[in-house]
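A.B. asks: Pasting a predicted model and its sequence here:
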Amino acid sequence: MLYNAALVLEGGALRGQYSAGVVDTFLAHHIEFQSVIGVSAGALCGANFVSKQYGRVTSINTGYRHNSDYISIRHLLRKKSIIDLDYLFEDHGLQWSNFDERAYHRSATNFSIVATSLATGQAAVFTNPGGKDLQDALIASSSMPFMAEPRQTTQGLCLDGGVADSIPVDIAQKQGFDKIVVVRTRDINYRKKKTSSAVAKMYQHLYRQYPEFIQAGINRPEMYNHQVVTINKMHQRGELFCIAPQIPVTIKRLEGNVKKLDALYEQGQREAHRILPHLITYLEN
């Protein structure tokens, strides 16, 4: 069933295992959305949801977590990024599941990727890109400050979409949707701590050519916490439907314990299945 609604997917690196479990549950129950909007890991998850590749995200995150061609400190020396995100779009043989771009383009869903422009410090939104533009936008959106090089896109150099717009409900509203489903990767009580002076100095040193990006990076906790409060209130008023982990997520961004990654995926599946009747009521009323 294709619903006239928007699905918004928060980022969080390997915490995206929760989102993968949720959207795979949607696929298993044939729940689709007119619009999918993803940030960082949420964008990678969203692309596979749009192409209907059930299980692809978690199979890569768990099966290749300790493959040094995918995630390795040595990439910092060669590619200046711990995660080689280009690896996700290459063909690695019979046991590897390639991204199905033909299925992605056949989908009736509009897909938007949110990154952060270094030049403006604001959200750069890429809607329905394809080919190299799709790859560049997804990689830019998923490239964490300090851990990855900025990616050149059709909107200039960009990094992690979460810097400018961590949970882009505003984009779904601008697209005109009254029904919005948000999938979080943190529990509803989580708040970010104020940016430390050390991290602020890192922003000022590494991105000194981009003052607006520096300000967005330093102000990210304030922006994020405001978004969370707004989303929680909107959920309580029935103005959107929020799916969030019922217990605090303790795995790290680059968690190495594959059992924990499996458990988080299963938690997403379990919790999504439990709220399905309420979700469908929300979408159909």
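C.D. replies: Received, thanks.

A.B. asks: Where does the prediction get shaky in the stretch 1-150 of the chain?
C.D. replies: 74-80 (pLDDT under 70).

A.B. asks: how about 90 then?
C.D. replies: Applying pLDDT under 90 to the stretch 1-150 of the chain flags the ranges 64-97, 147.

A.B. asks: Which parts of it are helices?
C.D. replies: Secondary structure of the stretch 1-150 of the chain (DSSP state H, counting those that start in this stretch): helices located at 16-28, 41-50, 56-63, 75-78, 101-106, 131-142.

A.B. asks: got the angle between the first one and helix 41-50?
C.D. replies: In terms of direction (axes from the mean of the first three to the mean of the last three Cα atoms, to 10 degrees), helix 16-28 departs from helix 41-50 by 20 degrees.

A.B. asks: Packing partners of helix 16-28?
C.D. replies: For helix 16-28, the elements it packs on are strand 2-9, helix 41-50, helix 56-63, strand 180-183, helix 258-284, judged by 3 or more Cβ pairs under 8 Å, 6 or more residues apart in numbering; DSSP states H and E. Quick note: C-beta positions are derived from backbone N, CA and C, even for glycine.

A.B. asks: What residues sit buried inside that helix?
C.D. replies: Gly16, Gln17, Tyr18, Ser19, Ala20, Gly21, Val22, Val23, Asp24, Thr25, Phe26 (16 or more other Cβ atoms under 10 Å).

A.B. asks: can the residues you listed go into CSV with extra columns for distance to Gln53?
C.D. replies: CSV is the format used below for these (distance: Cβ to Cβ, whole Å):
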residue, distance to Gln53
Gly16, 14
Gln17, 15
Tyr18, 18
Ser19, 14
Ala20, 11
Gly21, 14
Val22, 15
Val23, 10
Asp24, 9
Thr25, 14
Phe26, 13
